[in-house]
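*Asks:* Structure of the sequence below:
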Amino acid sequence: MFYPFFALVAQSPTRQATFRRLVCLHLLILGGACWSLGREPVGRPAIWLGHLALVAGIVEGALLIGWRLTQLPRSQALEFLLVSPLRPARLLLAEALVGLAQLGLITLAGLPVLMLLVADGRLDPLDSLPLLLMPFTWGALTGLGLTVWAYEPRGVRRWGERIVLGLVIVYLIVGVLAAENLRHWLTLLPTGVSLTILHAFAALHTHNPFGTLSYWLDNQAAIAAERVLGLQAAASIVLILLMARAAGRLQAHFRERHYQPVRDVSKEYRPRIGNRPLTWWAIKRVTEYSGRINLWLAGGFGALYAAYIVAGAHWPSWLGQRVFVLCDEVGGIAALTTGLVVLAAVPAAFQYGLWDSNAQDRCRRLELLLLTRLEARDYWEAASAAAWRRGRGYLGVAVLLWTAAVIAGRIPLAQVTVALASAVLLWSLYFTLGFRAFSRGVQASGLGLLLTIGLPLAAHVLTRLGGSILGALMPPGLVYSAHAPAASLSWLAGPLLLAELTLALSRGSLSACDSRLRRWYEQHHGRKVMS
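*Replies:* As a prediction, this is how the structure comes out:
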């Protein structure tokens with residue numbers, strides 16, 4: 001039963017290209033980490049290597065499993081499979097197994113790099129087991145978790161967001177404001193209740209995947225094996241439950257999406273379409289899954305960090321400050337705002353508003369759009385409006401941090417102005433490259449990963465090699481180096497070149513957009529996905 005699904009992914013050019021890009025990116029990430037670890041003293045725990053591998057596995061699982069399964073019900077062609085002898089649950093199971101197999105192969109691709117670290121004495125031979133198993137497991141959990149979230153009815157998602165918002169508030173109060181003073185805060189409660197809460201938050205801090213992997217790398221395998229195996233067993237149970245829920249919701253989600261019963265929408269807010277219908281549609285499309293949870297977390301922490309910066313020495317002693325001190329040690333405002341700017345540019349690079357999940361859906365959409373009087377500027381405005389709608393919140397948090405830094409006297413206003421200008425340049429370049437890929441019909445996944453993960457890593461490596469001037473060769477490094485106390489005139493070469501490149505690419509993309517879209521449509525209309 002599963003053979004046709006594996007044969008399809010083996011013959012599909014698009015999915016194979018995505019797989020190869022992820023393998024190369026995975027090897028580059030681990031290779032860079034291996035090189036950086038080689039510069040540290042032998043015997044030092046490679047905790048940050050474990051965290052990097054875990055983050056890479058989560059991102060890869062979201063792309064290979066989550067993206068594929070969430071896009072599956074968007075195509076009405078799925079209806080033919082849903083009425084065939086192949087039941088919906090088996091269909092989703094087969095697609096999920098294909099994604100899990102790809103994720104497993106990408107994870108195993110990093111095994112030679114880990115063996116090099118073992119041979120060099122940087123890792124224990126048994127350390128490779130959790131460094132391979134845990135990223136795979138939590139990548140699979142992330143992908144299936146996103147799938148279940150997308151498949152749930154709108155009412156369930158709405159209540160789920162409210163619950164998660166409550167958890168974010170609890171985290172900000174307990175994990176950030178209370179932090180090391182949590183024990184003193186809990187003295188106001190009865191002894192039994194305070195001990196229960198304290199033990200619960202301590203277990204949450206030490207038994208999460210990052211804490212568990214750090215515990216393994218910081219101790220002997222015999223000591224940490226029980227904790228790792230316990231977490232893996234719990235994760236496996238959750239994985240099975242998520243698989244079962246997604247399989248049970250596939251057909252219902254498909255019907256809700258394409259055959260939703262007529263309902264009263266007179267009391268719901270519906271923005272006016274106006275004179276730009278394509279822009280209205282692109283914004284409506286990206287706000288279906290707006291990602292507010294991540295923005296709440298980033299905005300809440302950013303607001304508290306900004307308050308800590310402004311308060312300075314007047315920060316109350318009964319409030320925690322260890323988290324903020326750690327942020328200052330790893331880069332402070334410069335690193336945090338650079339990360340927020342890159343997050344704001346993610347929708348600009350991936351072009352969520354205009355991209356379709358596959359070539360067939362894109363052909364159907366272009367078949368209508370190319371018959372209208374829409375020009376290249378209409379596509380440009382629609383894509384930019386959708387990208388700005390998704391990313392503006394993160395840039396707002398960065399502006400809040402910059403404002404707090406100016407008020408506190410940490411960074412001069414001139415440097416903040418340069419950093420903000422660099423952020424605008426970065427966003428503009430990422431959007432221009434994403435729009436250029438859209439007009440050429442190039443899938444945005446590979447380019448988006450390069451811009452949002454590859455370039456920040458390259459900027460980090462270049463900064464460590466040659467300082468902020470060398471790191472400024474990359475757009476994220478340009479934003480980071482703008483916070484440097486003294487920048488020479490040679491630093492201005494980076495922004496000028498970046499601005500010229502952005503203008504040249506934008507003009508070329510606008511002038512050739514319509515012809516490229518029509519050429520892509522002529523080449524792909526009526527063609528099979530596989531040759």
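*Asks:* In terms of secondary structure, what does the host helix or strand of Val406 contact?
*Replies:* Under the criterion of DSSP states H and E, Val406 resides in helix 376-408. Secondary structure elements in contact with helix 376-408, counted by 3 or more CB pairs under 8 Å, 6 or more residues apart in numbering; DSSP states H and E, are helix 277-286, helix 292-311, helix 332-350, helix 413-440, helix 493-524. No exception for glycine: its C-beta is placed from N, CA and C like everyone else's.
*Asks:* now the ones you listed as CSV including distance to Tyr480 and mean neighbour count?
*Replies:* Formatted as CSV, the helices and strands packed on helix 376-408 follow (distance: least, CB to CB, whole Å; neighbours: other CB atoms under 10 Å):
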stretch, distance to Tyr480, mean neighbour count
helix 277-286, 28, 18
helix 292-311, 17, 18
helix 332-350, 5, 24
helix 413-440, 9, 21
helix 493-524, 11, 15
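*Asks:* Now do the same contact list for Thr372.
*Replies:* Applying CB atoms under 8 Å, 6 or more residues apart in numbering to Thr372 gives no contacts.
*Asks:* In three-state terms, label it for me.
*Replies:* coil (DSSP: H, G, I helix; E, B strand; the rest coil).
*Asks:* mind checking how far it is from Pro277?
*Replies:* Using CB to CB, to the nearest Å, Thr372 is found at 9 Å from Pro277.
*Asks:* cool, and Arg21?
*Replies:* 34 Å.
*Asks:* and if you look at Glu367?
*Replies:* Glu367 is 16 Å from Pro277, by CB to CB.
*Asks:* can you check His26 too?
*Replies:* His26 is 41 Å from Pro277, by CB to CB.
*Asks:* Please apply the same query to Glu180.
*Replies:* In terms of CB to CB, Glu180 sits 54 Å off from Pro277.
*Asks:* which strands and helices sit next to the helix or strand harbouring Leu167?
*Replies:* Under the criterion of DSSP H and E, Leu167 resides in helix 154-171. Under the contact definition 3+ CB pairs under 8 Å, 6+ apart, helix 154-171 sits against helix 292-311.
*Asks:* Next, the residues that contact the helix it packs on from outside, please.
*Replies:* 161, 164-165, 168-169, 171-172, 176-177, 315, 321, 324, 327, 333, 336, 340, 343, 393-394, 396-398, 400-401, 403-405, 407-408, 410.
*Asks:* That one versus helix 332-350: what angle between them?
*Replies:* With axes from the mean of the first three to the mean of the last three CA atoms, to 10 degrees as the basis, helix 292-311 and helix 332-350 are set at 150 degrees to each other.
*Asks:* so how far is helix 292-311 from its chain's centroid?
*Replies:* On the basis of CA atoms, centre = their mean, to the nearest Å, helix 292-311 sits 18 Å off its chain's mean C-alpha point.
*Asks:* Can you pull the phi/psi pair for Ala472?
*Replies:* Here is the backbone geometry of Ala472 (degrees, to the nearest 10): phi -70, psi -10.
*Asks:* And it, what's its pLDDT?
*Replies:* Turning to Ala472, the model gives it a pLDDT of 77.
*Asks:* okay, now it: neighbour count?
*Replies:* 29 (other CB atoms under 10 Å).
*Asks:* And the helices and strands packed on helix 376-408: which comes nearest Tyr215?
*Replies:* helix 292-311 (24.1 Å; CB to CB).
*Asks:* Tell me who's in contact with the nearest residue to Gly99 once chain neighbours are set aside.
*Replies:* Leaving aside its chain neighbours, Gly99 sits nearest to Ile65 (3.7 Å; criterion: CB to CB, 6 or more residues apart in numbering). If you count contacts by CB under 8 Å, 6+ apart, Ile65 has them with Ala96, Gly99, Leu100, Leu103, Gly139, Ala140, Thr142, Gly143, Leu144, Leu146, Thr147.
*Asks:* Could you report the distance from the third one to Leu25?
*Replies:* Summarising the geometry, the distance separating Leu100 from Leu25, computed by CB to CB, is 19 Å.
*Asks:* The second one now?
*Replies:* Gly99 sits at a distance of 17 Å from Leu25 (criterion: CB to CB).
*Asks:* Show me which of those two is the more surrounded one.
*Replies:* Taking neighbours as other CB under 10 Å, Gly99 and Leu25 compare with Gly99 leading, 25 against 20.
*Asks:* need the contact list for that one.
*Replies:* Gly61, Leu64, Ile65, Arg68, Leu69, Gly143.
*Asks:* one more time with 10 Å, if that's ok
*Replies:* Contacts for Gly99 (CB atoms under 10 Å, 6 or more residues apart in numbering) come out as 9, 15, 60-61, 63-69, 139-140, 143-144, 147.
*Asks:* tell me which element it falls in.
*Replies:* Counting by DSSP H and E, Gly99 is found in helix 88-109.
*Asks:* CA atoms only: put that helix into PDB for me.
*Replies:* Once non-C-alpha atoms are left out, helix 88-109 reads as follows in PDB (Å, rounded to 0.1, in the frame of the first residue of the first chain):
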ATOM      1  CA  PRO A  88      -8.400   8.700   4.600                       C
ATOM      2  CA  ALA A  89      -6.600   7.400   7.700                       C
ATOM      3  CA  ARG A  90      -4.300   5.200   5.600                       C
ATOM      4  CA  LEU A  91      -3.700   8.000   3.100                       C
ATOM      5  CA  LEU A  92      -2.500  10.300   5.900                       C
ATOM      6  CA  LEU A  93      -0.500   7.500   7.500                       C
ATOM      7  CA  ALA A  94       1.300   6.900   4.100                       C
ATOM      8  CA  GLU A  95       2.100  10.500   3.600                       C
ATOM      9  CA  ALA A  96       3.300  10.900   7.100                       C
ATOM     10  CA  LEU A  97       5.600   7.900   6.800                       C
ATOM     11  CA  VAL A  98       7.100   9.400   3.600                       C
ATOM     12  CA  GLY A  99       7.900  12.600   5.500                       C
ATOM     13  CA  LEU A 100       9.300  10.700   8.500                       C
ATOM     14  CA  ALA A 101      11.500   8.600   6.200                       C
ATOM     15  CA  GLN A 102      12.900  11.800   4.500                       C
ATOM     16  CA  LEU A 103      13.400  13.400   8.000                       C
ATOM     17  CA  GLY A 104      15.200  10.300   9.100                       C
ATOM     18  CA  LEU A 105      17.500  10.300   6.100                       C
ATOM     19  CA  ILE A 106      18.400  14.000   6.600                       C
ATOM     20  CA  THR A 107      19.100  13.400  10.300                       C
ATOM     21  CA  LEU A 108      21.300  10.400   9.400                       C
ATOM     22  CA  ALA A 109      23.200  12.600   6.900                       C
END
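*Asks:* need the next SSE after that helix, C-terminal direction.
*Replies:* Using DSSP H and E, the first helix or strand after helix 88-109 is helix 111-119.
*Asks:* now for that following helix, which elements pack on it?
*Replies:* Contacts defined by 3 or more CB pairs under 10 Å, 6 or more residues apart in numbering; DSSP states H and E place helix 111-119 against helix 13-37, helix 47-61, helix 128-151.
*Asks:* And it, how far out from the chain middle?
*Replies:* 27 Å.
*Asks:* Rounded mean pLDDT for it, please.
*Replies:* 86.
*Asks:* What residues of that helix count as buried?
*Replies:* Val113, Leu114, Leu117 (16 or more other CB atoms under 10 Å).
*Asks:* again, but for stretch 88-97
*Replies:* Residues of stretch 88-97 classed as buried: Pro88, Ala89, Leu91, Leu92, Leu93, Ala94, Glu95, Ala96 (neighbour count, 16+ other CB under 10 Å).
*Asks:* Let me see the domain layout of the chain.
*Replies:* Each domain of the chain is listed here as a residue range: 1-176+211-260, 275-531, per automatic domain parsing.
*Asks:* which one of those lies closest to Leu186?
*Replies:* Going by CB to CB, the one of the domains of the chain nearest Leu186 is domain 1-176+211-260, 9.8 Å.
*Asks:* Can you lay out the helices and strands packed on helix 376-408 as a markdown table showing mean pLDDT and distance to Leu82?
*Replies:* Formatted as a markdown table, those follow (pLDDT from 0 to 100; distance: least, CB to CB, whole Å):
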| stretch | mean pLDDT | distance to Leu82 |
| --- | --- | --- |
| helix 277-286 | 86 | 24 |
| helix 292-311 | 89 | 30 |
| helix 332-350 | 91 | 29 |
| helix 413-440 | 90 | 31 |
| helix 493-524 | 87 | 26 |
